[in-house]
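In: Need coordinates for the below:
(chains A and B)
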Amino acid sequence: MKRFGALFFHEWKQMLFSPIFLALGTLFLLLNAAMFLAVLQEFTQEPHFVHPTAHWLQTFWIGALLVVPLLSMRSIAEERSGGTLDGLLSIPLKSATVVGCKFCALWAHYLFLWMCSIGIQAYAGSSGCVSFPFPFFSSMEFAGGMAFLAMAGALHLSLGLLFSAVFRSTTMAGAATFVSLLSLFFGPRILNQFLLPGSCSALRHFLSQQDAFIVLEEFTTGIFDSQTILLHISLTISALVLAATFLRRP
Amino acid sequence: MVENLTRRFGKKVAIDALSFSIAPGEIVGFLGPNGAGKTTTLRILAGLIDATSGTAFLGNFSISRRGHCPSRLFAYMAENNPLPDRLTVWEYLQLRAQLKNVPDVRREVTQILQACDLLYRARRCVIGKLSRGHRQRVGLADALLGRPQILLLDEPTMGLDPRQARDLRQLLRRLPDAPTIFFSSHVLGEVEAFCPRVLILSGGKLIADGFPEALRHRMLPRSPQRWHGHSRRLVQDGGSLEKQLRTLPGILEVDLRRDLEEFHYTVSIGEGGGLAAALCLFGSSSEERLLSWERESSPLEDVFLAATEEGNTP
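Out: This is a model prediction of the structure:
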């Protein structure tokens, strides 16, 4: 546990103070702020039945597509190409420990970025920087949204980590993560609407359950589907196990 | 102890039925041409890759399959010594000590930095800005954390200038607790000077194992012995011994360099002997007094070339 903690904090510290990740974090916050302002603008022009926070969270995929590949692609592929992974494994640490530490650090940093983003907007609302007719920040939407971001983020980052373990090139790992995230975000909807219009209802139901935007909407309204949660957790664990398996390939 | 260790990458056999054993505290040089399988062997011993078959034990722990060996038993310094460039030396060693479960991290890191002559020079430096020599010292300091009993060093002096390489060798000789050192290098003179015993690998097979001198006798039995003599001039002219030496049976070649007061001989003696006669000649001479007579140890290069030449390569 002591080793896990040491490696976890080392990994996270590297992300927190790395110039590249600082620039990425800034870009992420600016992007989210711009999108939130756009949502507010839209809300002032026409009435909506959802809370602006929930509406804004529907744009999570843009931030995820920007941040997840860039965060995860370097974690293993770069260490492997630089040779420092051998140093880590020759201590010897178990592959599962290395992958677990890297995953936890990535996840912590990802959630930290989202917390900052939401925190800035909450602060803007509570300090009166932005005037709005009803409570600017809703704890229900916030809690549900964060739960979704944590669950989906874990899956997305574990996929990124898997590709980072599979590919030696960070660019390839990033590209593969990007494509897989696009498939996760839009695949179920496209399949449901265009490819399988007349197929069995069970399959269509399953696909709609996997639609990230529907799942997010449910989470922000307080509906937590255990089937979806279990599926996300099992996929995350599977991706991490595979990443640990690929970690030691010659 | 390594027994029949084999590693295949697809159809290619990287190492083939390798067997050898190393006693505690021994320093063993590991030689071989590029692609001979040295790094593969070291990576198996370091637990980074599995052996396809065979067994390898570090102490009582089997390490031919990964993950069975406690971290305190051995340390591996990889070829090129990859280090994270963004960390300072202190941060890096502190992290490594924590990962190796070293009990008193601060004290241990300070002691190791001191032993590697880094405590005042480079402790706070960022690794990316260190010279090659200092980077190697940091790599060695990392390997020494936790006082391992076995050091696996894959070309630790690669890229160092002769002074830096010498400093690193001296550092290894001075190590406390005298760990077993398994040292791979391409610099034959360095291995000869540093390692009493050498293993030579070619085409994945161990083709020579022993002390350089014994290997020379075994692999180059008919090559002439070279001796260096150093004598003082006793009379004004002198130097007539050179001609007499040439006439002795078994003497193949005599080379003489003259100083103002001294003579320096290089004598090659063949199979027929001639050493005793040469020494008698010096002993009875009234022109010169022999001050030293030393055998030129056979360069390991000859042994290496003989061992790895086409015919000997499996």
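
In: does B:Trp227 count as helix, strand or coil?
Out: On the three-state scheme (DSSP: H, G, I helix; E, B strand; the rest coil), B:Trp227 is labelled strand.

In: can you tell me which residues contact the nearest residue to it once chain neighbours are set aside?
Out: In space, and not counting its chain neighbours, B:Trp227 is closest to B:Val267: 4.8 Å by CB to CB, 6 or more residues apart in numbering or on different chains. Every C-beta, even on glycine, is put in place using the N, C-alpha and C of the backbone. If you count contacts by CB atoms under 8 Å, 6 or more residues apart in numbering or on different chains, B:Val267 has them with B:226-229, B:245, B:251, B:253-255, B:278.

In: Could you save these as a markdown table and add columns showing neighbour count?
Out: A markdown table is the format used below for the contacts of B:Val267 (neighbours: other CB atoms under 10 Å in any protein chain shown):
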| residue | neighbour count |
| --- | --- |
| B:Arg226 | 18 |
| B:Trp227 | 17 |
| B:His228 | 14 |
| B:Gly229 | 22 |
| B:Leu245 | 20 |
| B:Ile251 | 22 |
| B:Glu253 | 13 |
| B:Val254 | 20 |
| B:Asp255 | 12 |
| B:Ala278 | 24 |
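
In: Name the residues of chain A found near chain B, please.
Out: A:2-3, A:6-7, A:10, A:14, A:18, A:82-84, A:86-94, A:248, A:250 (CB under 8 Å from any CB of the partner chain).

In: Quick check, the residue in chain B closest to chain A?
Out: B:Pro82 (3.0 Å; CB to the nearest CB).

In: Looks like that residue contacts A:Gly87 (just checking).
Out: Yes: counting by CB atoms under 8 Å, B:Pro82 sits close enough to A:Gly87 to count as a contact (6.4 Å).

In: Have a look at those two and say which one is more surrounded.
Out: A:Gly87 (25 against 17; other CB atoms under 10 Å in any protein chain shown).

In: so that one, which of the three states?
Out: Going by three-state DSSP: A:Gly87 is helix.

In: Spit out the contact partners of it.
Out: B:78, B:82-83, B:142.

In: now swap in B:Thr308 and tell me
Out: Per CB under 8 Å, 6+ apart, neighbours of B:Thr308: B:32-33, B:36, B:200, B:202, B:207.

In: could those go into CSV alongside secondary structure and neighbour count?
Out: Output for the contacts of B:Thr308, formatted as CSV (DSSP: H, G, I helix; E, B strand; the rest coil; neighbours: other CB atoms under 10 Å in any protein chain shown):
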residue, secondary structure, neighbour count
B:Gly32, coil, 25
B:Pro33, coil, 17
B:Ala36, coil, 24
B:Ile200, strand, 27
B:Ser202, strand, 21
B:Ile207, strand, 18
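
In: if we can go back for a sec, can you add pLDDT and give the contacts of B:Val267 back as CSV?
Out: Formatted as CSV, these follow (pLDDT from 0 to 100):
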residue, pLDDT
B:Arg226, 78
B:Trp227, 82
B:His228, 84
B:Gly229, 85
B:Leu245, 81
B:Ile251, 82
B:Glu253, 84
B:Val254, 85
B:Asp255, 86
B:Ala278, 80
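
In: Dump these to JSON lines, plus distance to B:Lys100.
Out: Converted to JSON lines, the contacts of B:Val267 look like this (distance: CB to CB, whole Å):
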{"residue": "B:Arg226", "distance to B:Lys100": "48"}
{"residue": "B:Trp227", "distance to B:Lys100": "50"}
{"residue": "B:His228", "distance to B:Lys100": "48"}
{"residue": "B:Gly229", "distance to B:Lys100": "53"}
{"residue": "B:Leu245", "distance to B:Lys100": "60"}
{"residue": "B:Ile251", "distance to B:Lys100": "59"}
{"residue": "B:Glu253", "distance to B:Lys100": "56"}
{"residue": "B:Val254", "distance to B:Lys100": "58"}
{"residue": "B:Asp255", "distance to B:Lys100": "55"}
{"residue": "B:Ala278", "distance to B:Lys100": "57"}
